[in-house]
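Participant: Below are the sequence and a predicted model; questions follow.
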Amino acid sequence: MTTTASTTAASTTAPVADARALGLAHYAARGVLEHVLARHGVTFQQQIALRAAVTADAPQTPDDLVAQVRGSLKVDPADIRATLDELLARQLLVADGAHLRPTDAGRELVAAVGAETAPITARVWGGIPAEDLAAAGRVLALVTERANAELAALTA
């Protein structure tokens, strides 16, 4: 088989990062996580809210958690409040005065999901050079900043 110069160049050219590539990477990784979450009967949004409560440095009010989840997922606050109610009903969060605290079961769930996803994460991210990860991190932070600014302008 003969390879032409143009074919060789095209096959070795790195793909350009764009919105589609970002979306495909996001949904591929999210698909893996949602597969693990389904085994625990938890939705993606529930996991995001519970993780925010578990990893917080101080007890969070419902409004605190709504703001954190909304900042991450850009979803309707009413949907997030419904998610918090679901976590309370499942006894993964508990009301403590004005705050919501993760229960032992909530902490155990977050730990179990983390333990199950850790080896997958290692396979997905393993072997990527540190300088590539640093460059990707800078680009993703800039894209996030700009997209958040555009969303704020659209919803102002």
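Facilitator: In hand now; what should we look at? Numbers count the residues shown, from 1 in each chain.

Participant: what does the strand or helix carrying Ala21 contact?
Facilitator: Per DSSP states H and E: Ala21 is located in helix 19-39. With CB atoms under 8 Å, 6 or more residues apart in numbering as the test, helix 19-39 has contacts from Pro15, Thr43, Phe44, Gln46, Gln47, Val113, Glu116, Thr117, Ile120, Val124, Leu140, Val143. No exception for glycine: its C-beta is placed from N, CA and C like everyone else's.

Participant: Need the mean per-residue confidence for it.
Facilitator: Average pLDDT, helix 19-39: 95.

Participant: Which elements pack onto the following helix or strand past that helix?
Facilitator: Counting by DSSP H and E, the next helix or strand C-terminal to helix 19-39 is helix 44-55. Here helix 44-55 touches helix 19-39, helix 62-73, helix 77-89, strand 99-102, helix 104-125, going by 3 or more CB pairs under 8 Å, 6 or more residues apart in numbering; DSSP states H and E.

Participant: Just flag the most distant two among the contacts of helix 19-39.
Facilitator: Farthest pair in these (CB to CB) is Pro15 and Gln46. Separation: 33.4 Å.

Participant: Between the two, which has more neighbouring residues?
Facilitator: Comparing Pro15 with Gln46 by neighbour count (other CB atoms under 10 Å), the higher total belongs to Gln46, at 22 against 7.

Participant: So the more buried one versus Leu92, what's the distance?
Facilitator: 8 Å (CB to CB, to the nearest Å).

Participant: next one: Gly126
Facilitator: According to CB to CB, Gly126 stands 31 Å off from Leu92.

Participant: out of the two, which sits in the more crowded spot?
Facilitator: Set Gly126 next to Leu92 and count neighbours by other CB under 10 Å: Leu92 wins out with 25 against 8.

Participant: The more buried one - nearest residue in space that isn't next to it in sequence?
Facilitator: Gly106 (3.7 Å; CB to CB, 6 or more residues apart in numbering).

Participant: Residue ranges of each domain in this protein, please.
Facilitator: The chain breaks down into these structural domains: 18-125, 126-156 (assignment by automatic domain parsing).
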